[in-house]
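Novice: 3D model of this:
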Amino acid sequence: MAFSPFKFLQEVRSETTKVTWPTRREVTITTIMVFVMVAVASIFFFAADLVIRYLVTFLLGIR
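Specialist: Residues are numbered from 1 along each chain as shown. The predicted model follows:
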């Protein structure tokens, strides 16, 4: 079975026509949602880090 780059590219082009591409609005909304979730996650982990640091310093009697 021989490999044909031309046939491969034809099949790739054929498959890309079957893809449902997102609209600009969908991409924008999804991007905003990602940034919001990153902000929420970073606030959560910052707060969790503060709590854990406080508990460890309290239990170990540091300061």
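Novice: rest of the way, CA atoms for contacts and neighbours
Specialist: Will do.
Novice: Now do the most centrally placed residue in the chain, the pLDDT please.
Specialist: Central residue of the chain (CA atoms, centre = their mean): Val34, 6.9 Å from the mean position. pLDDT, Val34: 98.
Novice: what about this protein, any weak spots by pLDDT?
Specialist: Applying pLDDT under 70 to the chain flags residues 1-2, 63.
Novice: Can you show me the strands along it?
Specialist: For the chain, applying DSSP state E gives no strands.
Novice: For it, just list every one of the helices.
Specialist: Here the chain has its helices, by DSSP state H, at 5-16, 24-60.
Novice: Next, the buried residues of the longest one.
Specialist: The one in question is helix 24-60. For helix 24-60, a neighbour-count test (16 or more other CA atoms under 10 Å) marks nothing as buried.
Novice: can you give me how far it is from the chain middle?
Specialist: 14 Å (CA atoms, centre = their mean, to the nearest Å).
Novice: With the first one instead?
Specialist: When C-alpha coordinates are averaged (CA atoms, centre = their mean), helix 5-16 and its chain have centres 29 Å apart.
Novice: hey, C-alpha coordinates of that helix in PDB?
Specialist: The C-alpha coordinates for helix 5-16 follow below in PDB (Å, rounded to 0.1, in the frame of the first residue of the first chain):
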ATOM      1  CA  PRO A   5       0.500  12.800  -0.400                       C
ATOM      2  CA  PHE A   6      -1.900  14.100  -3.000                       C
ATOM      3  CA  LYS A   7      -4.600  11.700  -2.000                       C
ATOM      4  CA  PHE A   8      -4.000  12.400   1.700                       C
ATOM      5  CA  LEU A   9      -4.400  16.200   1.100                       C
ATOM      6  CA  GLN A  10      -7.600  15.500  -0.900                       C
ATOM      7  CA  GLU A  11      -9.000  13.500   2.000                       C
ATOM      8  CA  VAL A  12      -8.000  16.200   4.500                       C
ATOM      9  CA  ARG A  13      -9.700  18.900   2.500                       C
ATOM     10  CA  SER A  14     -12.800  16.700   2.200                       C
ATOM     11  CA  GLU A  15     -12.900  16.200   5.900                       C
ATOM     12  CA  THR A  16     -12.500  19.900   6.700                       C
END
